[in-house]
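Student: Following is a predicted model, sequence given first.
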Amino acid sequence: MDTPREELAVPVTQQWTIGRLLQWSKEYLQSKRVESPRLSVELLLAHALHCKKIDLYLRIERVPTEEERGEFRELLLRAAEHAPIAHLIGKKEFYSIEFEVSPAVLIPRPETELLVEKVIQHVRALPQLHVAVLDLGTGSGCVGLALCRHLPQVRVTGTDVSEEALAVARSNAERLGLNERFVAVGVDGFDFPPESIPTGGWDMLVSNPPYVAENETSGLDENVRRYEPSAALFGGMDGLKFYRLMADRAETVLKPRASVWVEIGAGQHESVVKLMTESGRYKHVETFKDLNEGHSRVVRFDRIER
């Protein structure tokens with residue numbers, strides 16, 4: 001998209017206070033059909049001014065410096081081209097925790113918070129003092145680190161094939177002070193070095209795997225399709241590639257009665273349950289629906305002890 005720079009020219013007769021910047025920029029992004037234009041502007045302007053969102057409204061009459069306005073202007077232009085706001089500011093809130101993100105990782109989604117919520121409830125009801133969790137396809141580490149933050153008995157191994165993603169996850173773990181209970185490991189699927197597997201295996205597997213079918217590319221939002229890593233989005237032609245992998249291989253690294261918690265896409269529930277149960281290795285325990293969209297979002301399976 002070619003955005004004329006004159007569109008963002010500042011009339012010399014007017015002062016661009018924070019209040020005026022917020023209002024004008026919201027309308028500008030609205031005209032470009034950017035999702036959540038007001039929130040987007042607030043996040044971008046707070047980033048440019050190195051302050052919190054609430055501070056914008058406490059300093060509503062302040063006139064930002066020319067340098068600050070220039071930085072904000074560049075961010076606004078990129079946002080108008082539908083670059084993800086999280087990429088522009090380098091962070092995203094998930095489960096009330098701020099995570100660093102980059103183009104190497106999937107931006108954390110609010111719907112994935114249901115996976116974290118249900119696993120937290122499950123672990124808190126367990127009698128054991130130590131729970132070893134495998135976070136398959138960790139990306140930014142948001143799922144595994146949210147579990148560590150809320151569950152002191154949990155130790156998480158987060159895996160990913162992308163070294164760039166692992167670097168983001170490790171950075172988040174260090175910044176949150178959780179790097180003693182969260183380790184990020186480069187693994188393709190379940191090809192673990194033996195020394196990285198806990199004695200007896202993991203107690204639990206959690207995963208928000210790539211589950212978009214490759215033939216559904218055109219249905220994705222433009223900012224997702226253009227800017228987010230395809231390896232973190234697409235799960236083969238039918239979107240079920242990684243559930244097949246879990247059904248076939250997860251047993252090799254899990255304890256006999258381990259639980260498996262996965263996020264799934266719309267319309268995938270029946271297929272995922274069939275894949276996980278038809279081998280006789282797992283039983284379907286429960287499914288949780290997305291409260292906003294109303295479709296099955298999180299599914300729990302238990303490994304059948306044999």
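Tutor: Received, thanks.
Student: Can you classify residue 200 by secondary structure?
Tutor: Here residue 200 is recorded as coil under DSSP: H, G, I helix; E, B strand; the rest coil.
Student: I'd guessed residue 25 sits against residue 41; true?
Tutor: Yes: with contact taken as CB atoms under 8 Å, residue 25 and residue 41 are classed as touching, separated by 4.4 Å. C-beta coordinates here come from the backbone N, C-alpha and C atoms, glycine included.
Student: intersection of neighbour lists for the two?
Tutor: Contact with both residue 25 and residue 41 is made by residues residue 76, according to CB atoms under 8 Å, 6 or more residues apart in numbering.
Student: What mean pLDDT does stretch 253-272 get?
Tutor: The predicted model assigns stretch 253-272 a mean pLDDT of 96.
Student: Determine how far the last residue of that stretch lies from the first.
Tutor: Distance between the two ends of stretch 253-272: 20 Å, counting by CA to CA, to the nearest Å.
Student: swap in stretch 134-149?
Tutor: For stretch 134-149, the first and last residues are 15 Å from each other (CA to CA).
Student: Same check on stretch 177-194?
Tutor: The first and final residues of stretch 177-194 sit 27 Å from each other (CA to CA).
Student: Next, the buried residues of it.
Tutor: If you call a residue buried by 16 or more other CB atoms under 10 Å, then stretch 177-194 has these buried ones: 178-179, 181-184, 187, 190, 192.
Student: Show residues contacting it.
Tutor: The list of residues contacting stretch 177-194 from outside it, by CB under 8 Å, 6+ apart, reads 138, 141, 144-145, 148-149, 154-161, 163, 166, 169-170, 173, 196, 245, 249-250, 252-253.
Student: Can I have the buried ones of those as a ChimeraX selection?
Tutor: The ChimeraX selection below is limited to those of the contacts of stretch 177-194 classed as buried (16+ other CB under 10 Å):
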select :138,141,144,145,148,149,154,155,156,157,158,159,160,166,169,170,173,245,250,253
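Student: So which of the contacts of stretch 177-194 belong to strands?
Tutor: Residues of those located in strands (DSSP state E): 154-160.
Student: Among those residues, which pair sits farthest apart?
Tutor: Comparing every pair within the ones in strands among the contacts of stretch 177-194 by CB to CB identifies 154 and 160 as the most remote, at 18.7 Å.
Student: The strand or helix carrying residue 258 packs against which elements?
Tutor: Secondary structure from DSSP states H and E places residue 258 in strand 254-263. Packing partners of strand 254-263 (3 or more CB pairs under 8 Å, 6 or more residues apart in numbering; DSSP states H and E): helix 113-124, strand 202-207, helix 241-249, strand 296-303.
Student: With distance to residue 283 and mean pLDDT as extra columns, can I get these in CSV?
Tutor: As requested, those are arranged in CSV below (distance: least, CB to CB, whole Å; pLDDT from 0 to 100):
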stretch, distance to residue 283, mean pLDDT
helix 113-124, 15, 97
strand 202-207, 15, 98
helix 241-249, 12, 96
strand 296-303, 5, 97
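Student: Distance to residue 64 for these - can I get that in JSON lines?
Tutor: Shown next, in JSON lines, are the helices and strands packed on strand 254-263 (distance: least, CB to CB, whole Å):
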{"stretch": "helix 113-124", "distance to residue 64": "33"}
{"stretch": "strand 202-207", "distance to residue 64": "43"}
{"stretch": "helix 241-249", "distance to residue 64": "46"}
{"stretch": "strand 296-303", "distance to residue 64": "41"}
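Student: Tell me which of the ones you listed is the most buried.
Tutor: Scoring these by mean neighbour count under mean count of other CB atoms under 10 Å gives strand 202-207 as the most buried, with a mean of 23.
Student: That one: what's the following helix or strand?
Tutor: Moving toward the C-terminus from strand 202-207, the next helix or strand (DSSP H and E) is helix 222-227.
Student: Give the other helices and strands that that next one contacts.
Tutor: Checked by 3+ CB pairs under 8 Å, 6+ apart, helix 222-227 has no helix or strand packed alongside it.
Student: Name the surrounding residues that touch it.
Tutor: Outside helix 222-227, the residues that touch it by CB under 8 Å, 6+ apart are 35, 82-84, 87, 103, 217, 233.
Student: And the closest residue to residue 210 other than its chain neighbours, how far from residue 156?
Tutor: Across the structure, with CB to CB, 6 or more residues apart in numbering as the measure, the residue nearest residue 210 apart from its sequence neighbours is residue 235 (4.4 Å). Separation of residue 235 from residue 156 (CB to CB, to the nearest Å) stands at 22 Å.
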